[in-house]
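> quick one: sequence and predicted model below, then my questions.
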Amino acid sequence: MSLLELDGVKVHFPVKKGIFFDRTVGHVYAVDGVSLKVEAGQTYGLVGESGCGKTTLGRAVLRLVDITDGEVVFDGTDLAKLPDEEMRRFRRRLQMVFQDPLGSLNPRQNIESILAEGMAAHGIGKDQAERREKIQEILAKVGLPANALSRYPHEFSGGQRQRIGIARALVLEPDVIICDEPVSALDVSVQAQVINLLEELQESLGLTYLVIAHDLAVVRHISDVIGVMYLGGLVEEAPSDVLYEGPKHPYTKALMSAVPVPDPEVEDRRERILLQGDLPSPANPPAGCRFHTRCPWAQDKCAVERPVLTDLGDGHKVACHFAKEIDEGTVAQTRSTGIDAVVATEAVASKEAAVSETVTDPASAAVAVPSPRPAADDAPAGGSAEADAPEDDAAGSDAESADADEPASAEGEAADGSGADADARADEPEGSDAEAPVADAPKGSDADAPKGSGADEPKGSGATAASAAKPAGKGAAESG
């Protein structure tokens, strides 16, 4: 019997809605029917893209999140059915190394207090002196000096803090350690040190690991068996070397094609599989095979029937209806896997963005087009105010009403020089129509303003020009 066995494990998080009374309107299917086995002394690697449920599965084994359905059998005991107090005692044999070492360590406690806390809770060591001696032994195994006991987490580097996290798990003498991204936040050189440390501790203490990671090269180096997760389910499982030499599931093929090869000639020749679309939401997973919305070889059957994990021989298990046919090349591709896949994804995203903008802002489609401005040469004689400032409707209307009230004699004399005035002012900047002819204006009138003052007047100054022309017209009529 396996040391750790998961059978149909499901972890569903309810989606609540309501102000006064919460009601469940849906679920997030973080883990949906995962089954796997981990043998004693073995390292099981779990890989998959972000959001596929790897970390949630690891936390479910420790009962850090509630299990919706399924069994987690550890050494013959179903942990999913244990009461809280009994599960607390079992956690001594099941420990976890978290992804963020600084976030998992209490900043107000020194290292000795952090490591001794778990020992005291589980009754390890008779007194503080015995616990301190054991802690010093563990620190020496993980490569930390004895003076680290009195220091605080912020005084260490990232690699040293991860070693402290490993030491905290080791002081309880566990059988299984779940490593959630143990080296993802570390430099490459420090990653190698931590991985080598985990392997040395496994050989000397007989530990069993469940390693959750994104880095496929790290998983291949440290794992005996590898499981590939996609959207809450296990899609492929095989021994490490077998999986890397011949992946069977289309999703695993795409993952393996993303691993760079250090040989430039091989890198140039090999095929890169690019998937269309994004990872679907775990709150609304697609029917049938969860991968059929992105699979390059998807068929009609994939959209209606969910495949089960099937053993193809030599411990190689695949959850795909057409795994053998794809491997033999007898199934035609239904989606592109080259650069066309990227172009198609970008085109769909652009189209969706355009549709969303149209829906959210329907008034943006109707944009007012301004009417064309009439040319100054087409303006009628005496209408220079409307030709120079067409946007000032109020000013133009005032000027016309002022001209309409003038006597007929004033209109005649004004008409004698209107053509010349219109031609002279057609090229002037906007607002220059406020300058009335100075020669015809009586002394003390508004037309005696300094040259160019009309440019400093506010909009609507065309009305002032018309009013200033009134006395000039009347004076001309009387002199006549």
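Done, it's in.

> average pLDDT across the lengthiest strand in the chain?
As assigned by DSSP state E, the longest strand anywhere in the chain is strand 23-38. Confidence for strand 23-38, expressed as mean pLDDT, is 94.

> how about that strand: buried residues?
The neighbour-count check on strand 23-38 (16 or more other C-beta atoms under 10 Å) flags His27, Val28, Tyr29, Ala30, Val31, Asp32, Gly33, Val34, Ser35, Leu36, Lys37, Val38 as buried. Using the backbone N, CA and C atoms, a C-beta is placed for each residue, glycine as well.

> for that strand, which strands pair with it and how are they oriented?
If you go by DSSP bridges, strand 23-38 pairs up with strand 4-17 (antiparallel).

> show me the contact partners of the strand it pairs with.
Contacts of strand 4-17 from elsewhere in the structure, counted by C-beta atoms under 8 Å, 6 or more residues apart in numbering, are 22-38, 53, 56-57, 60-61, 65-75, 80, 176, 208, 210, 283.

> ok, which stretches of the stretch 201-350 of the chain are helices?
Along the stretch 201-350 of the chain, the segments classed as helices by DSSP state H, counting those that start in this stretch run 216-222, 240-245, 250-257, 264-269, 323-328, 339-360.

> weakest of those in terms of mean pLDDT?
Among the helices of the stretch 201-350 of the chain, helix 339-360 carries the lowest mean pLDDT (a mean of 54).

> burial of the nearest residue to Val31 once chain neighbours are set aside, as a residue count?
Nearest non-adjacent residue to Val31, counting by C-beta to C-beta, 6 or more residues apart in numbering: Val11, 4.1 Å away. Burial measure for Val11: 23 neighbouring residues, criterion other C-beta atoms under 10 Å.

> got it, and Val15?
Neighbour tally, Val15, other C-beta under 10 Å: 12.

> and if you look at Ser281?
By other C-beta under 10 Å, 12 other residues sit near Ser281.

> His221: what's it in contact with?
Counted by C-beta under 8 Å, 6+ apart, His221 has contacts Ile195.

> what about the strands in the stretch 1-150 of the chain?
Applying DSSP state E, counting those that start in this stretch to the stretch 1-150 of the chain gives strands spanning 4-17, 23-38, 43-47, 69-74, 77-78, 94-97.

> contacts for stretch 148-158?
101-102, 105-107, 109-112, 114, 132, 135-136, 139, 160-161, 164, 185-187, 190.

> buried subset of those?
Counted by 16+ other C-beta under 10 Å, the contacts of stretch 148-158 give 101-102, 105, 110-112, 114, 132, 135-136, 139, 160-161, 164, 185-186, 190 as buried.

> now, which of those lie within helices?
Those of the buried ones among the contacts of stretch 148-158 mapping onto helices are Ile111, Glu112, Ile114, Arg132, Ile135, Gln136, Leu139, Gln160, Arg161, Ile164, Val190, per DSSP state H.

> the third one against Leu105, yeah?
Yes - the pair Ile114 and Leu105 qualifies as a contact (C-beta atoms under 8 Å) at a distance of 6.1 Å.

> tell me the pLDDT at Ala387?
pLDDT for Ala387: 39.

> swap that for Asp215, sorry
Asp215 carries a pLDDT value of 82.

> and the residue lying closest to it once chain neighbours are set aside, its phi and psi?
Nearest non-adjacent residue to Asp215, counting by C-beta to C-beta, 6+ apart: Ser184, 7.0 Å away. Ser184 adopts backbone torsions of phi -70, psi -30, taken as degrees, to the nearest 10.

> and Ser184, how many neighbours does it have?
Neighbours around Ser184, by other C-beta under 10 Å: 14.

> got a list of contacts for stretch 308-326?
35, 225, 233-239, 242-243, 248-250, 289, 297, 299, 301-302, 305, 307, 331.

> ok, now stretch 194-201?
Contacts of stretch 194-201 (C-beta under 8 Å, 6+ apart): 141-143, 159, 162-163, 166, 170, 179, 182-183, 186, 207, 209, 218, 221-222.

> quick one, which of these are buried?
Buried among those (16+ other C-beta under 10 Å): 141-142, 159, 162-163, 166, 170, 179, 182-183, 186, 207, 209, 218, 222.

> out of those residues, flag the one nearest to His122.
Closest approach between the buried ones among the contacts of stretch 194-201 and His122, by C-beta to C-beta: Leu170, at 13.2 Å.

> doesn't Ile138 make contact with the closest one?
Yes - taking contacts as C-beta under 8 Å, Leu170 lies within contact range of Ile138: 5.2 Å.

> now do the shared contacts for those two.
If you check Leu170 and Ile138 against C-beta under 8 Å, 6+ apart, no residue is contacted by both.

> from Pro247, how far out is Asp263?
19 Å (C-beta to C-beta, to the nearest Å).

> quick one, which of the two is more surrounded?
When Asp263 is set against Pro247 and neighbours are counted by other C-beta under 10 Å, the residue ahead is Pro247, at 23 against 10.

> correct me if wrong: the more buried one contacts Glu236.
Yes - in this structure Pro247 lies within contact range of Glu236 using C-beta under 8 Å: 6.9 Å.

> in a markdown table: the strands of the stretch 1-150 of the chain, plus distance to Leu275.
Listed next are these as a markdown table, based on distance: least, C-beta to C-beta, whole Å:
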| stretch | distance to Leu275 |
| --- | --- |
| strand 4-17 | 25 |
| strand 23-38 | 21 |
| strand 43-47 | 16 |
| strand 69-74 | 29 |
| strand 77-78 | 37 |
| strand 94-97 | 31 |
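
> re earlier: list the contacts of the residue nearest to Asp215.
Ser184 neighbours (C-beta under 8 Å, 6+ apart): Gln99, Ala213, His214, Asp215.

> and the pLDDT for Ala394?
Looking at Ala394, its pLDDT is 40.

> quick check: which ranges of the chain have low pLDDT?
In the predicted model, the chain carries pLDDT under 70 at residues 338-480.

> kindly recompute the last result at 50.
Scanning the chain for pLDDT under 50 picks out 359-360, 362-480.

> starting at the chain centroid, how far to the longest strand of the chain?
From the chain centre to the centre of strand 23-38 is a distance of 22 Å (C-alpha atoms, centre = their mean, to the nearest Å).
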